[in-house]
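K.L.:
Predicted model follows, preceded by the sequence.
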Amino acid sequence: MKTLSLLRHAKSSWDDPVERDFDRPLNGRGHRAARRMGEWLKESGARFDAIIASPALRIKQTIEGVEAGLEARLRPDFDKRIYMASAASLFDVIRDTPEKVRHLLMVGHNPGLEDLLLLATQGDGGKLRKEAELKYPTATFATIQLPIKRWAEIEEGGSRLITFTRPRDLDPTLGPED
């Protein structure tokens, strides 16, 4: 059995005049949400054997915020293949994970992360899966149990969503603006 956790980057700023999407920073709410998710991860005792992340600025700032809340360094490996990747590309990145890794955290972007989650958990009729079908908001953390022994075996369907935590679940002020 393998465990895959997914963290979407926190809310970014569309007001910041950057030349490339890759360089778009977090906004104030995004910084607060990332830190709160880190606090929640600390409270829940989360541990990861490996972390892979997109090298985009908003991902790096999300990780910094999570680390501040977690009060620990995550030390991710940054992989350019994750930046704005499709679900199919993300499956390929996951398949490259060393077998000694039991719990992998991937930090990335939508729509790829959301599509990956929905494809991996096809057939899961649980409440969390239904929530994820509606929307995968920024800074949301999800955990998927995979019925596999090797990362190379990951495929669509058959997995179960066991965690789907949005920043607004932890602090209503981090929810969508009306």
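P.N.:
Received, thanks. As the structure is a computational prediction, the values presented were derived from the model and not from experiment.
K.L.:
switch to C-alpha atoms for all contacts and neighbour counts from now on
P.N.:
Fine.
K.L.:
What strand or helix carries Ala142?
P.N.:
Ala142 belongs to strand 141-146 when elements are defined using DSSP states H and E.
K.L.:
my bad, should have said Ala68
P.N.:
With DSSP H and E as the criterion, Ala68 is inside helix 57-70.
K.L.:
Name the residues that touch that helix?
P.N.:
Helix 57-70 is contacted by residues 9-10, 12, 22-26, 30-42, 53-54, 73-74, 107-108, 139 when judged by C-alpha atoms under 8 Å, 6 or more residues apart in numbering.
K.L.:
in this structure, which helix has the most residues?
P.N.:
When the chain is scanned for its longest helix (criterion: DSSP state H), the result is helix 28-44.
K.L.:
re the thing from before, so what secondary structure elements neighbour the strand holding Ala142?
P.N.:
strand 2-8, strand 160-165 (3 or more C-alpha pairs under 8 Å, 6 or more residues apart in numbering; DSSP states H and E).
K.L.:
So which bits of the longest one are buried?
P.N.:
So the one you mean is strand 2-8. By neighbour count with 16 or more other C-alpha atoms under 10 Å, strand 2-8 contains the buried residues Lys2, Thr3, Leu4, Ser5, Leu6, Leu7, Arg8.
K.L.:
Check the contacts of helix 57-70 for burial and list the buried ones.
P.N.:
By 16+ other C-alpha under 10 Å, the contacts of helix 57-70 give 9-10, 12, 24-26, 30-42, 53-54, 74, 107-108, 139 as buried.
K.L.:
The helix holding Ala68: what's the following helix or strand?
P.N.:
Following helix 57-70 in sequence, per DSSP H and E, is strand 77-78.
K.L.:
which stretches of the chain have low pLDDT?
P.N.:
16, 177-178 (pLDDT under 70).
K.L.:
Just the terminal-to-terminal distance for stretch 68-88.
P.N.:
32 Å (C-alpha to C-alpha, to the nearest Å).
K.L.:
Please point out which parts of that stretch sit buried.
P.N.:
Ala68, Gly69, Leu70, Leu74, Pro76, Phe78, Ile82, Tyr83, Met84, Ala85, Ser86, Ala87.
K.L.:
So which of those is the closest to Arg129?
P.N.:
For those, the residue nearest Arg129 by C-alpha to C-alpha is Ala87; the value is 16.8 Å.
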